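Novice: the sequence isn't on hand, but the structure is:
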């Protein structure tokens, strides 16, 4: 039974990897994909290690959103669905870890969870975000 699940999940995970490669404009090596999800929603973030810095990429792909939902709804038992997925690509191979509702509550948005995951993955490297679009509200965190 578990083998059947793994056989079905493999191609889905590979599709996610392809979408991530497209999102970063090339090879996915060094990509870290952090997603929080729940019933009918998801909050994805794509980061890529570019040596001196880590760059944030907008996960605007509709296909990526569909794949996230496909993966989240893959488990038919609602109590076994993940809350957080961390998908990393290193040396051409992907590694995926999941956290579940009993481990982490993602029902309320909290940027610190994502920030902590990125820090755990990349250490103190500077994270570069795209410039704010004209007319958008800009988030300014409180000083430490």
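Specialist: That came through, no problem. Bear in mind that the values here come from a model prediction, so they are computed numbers and not experimental data. Residues are numbered from 1 along each chain as shown.
Novice: give me the contact list for the worst-scoring helix or strand of the chain on mean pLDDT.
Specialist: For the chain, using mean pLDDT, DSSP states H and E, the weakest element among its helices and strands is helix 2-23, scoring a mean of 83. Identification of contacts with helix 2-23 by Cβ atoms under 8 Å, 6 or more residues apart in numbering yields 27-28, 31, 33, 46, 57-61, 63-64, 67-68, 70-71, 74, 87, 89, 94, 96. All C-beta spots, glycine's among them, are computed from the backbone N, C-alpha and C.
Novice: what strands line up against the helix or strand following that helix, and which way round?
Specialist: Using DSSP states H and E, the next helix or strand after helix 2-23 towards the C-terminus is strand 31-38. Strand 31-38 pairs in its sheet with strand 41-49 (antiparallel), strand 84-90 (antiparallel), by DSSP bridges.
Novice: could those strands go into CSV alongside distance to residue 132 and mean neighbour count?
Specialist: Compiled in CSV, the strands paired with strand 31-38 are given as follows (distance: least, Cβ to Cβ, whole Å; neighbours: other Cβ atoms under 10 Å):
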stretch, distance to residue 132, mean neighbour count
strand 41-49, 16, 20
strand 84-90, 26, 19
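Novice: in TSV: those strands, plus distance to residue 102 and mean pLDDT.
Specialist: Compiled in TSV, those are given as follows (distance: least, Cβ to Cβ, whole Å; pLDDT from 0 to 100):
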stretch	distance to residue 102	mean pLDDT
strand 41-49	19	95
strand 84-90	12	96
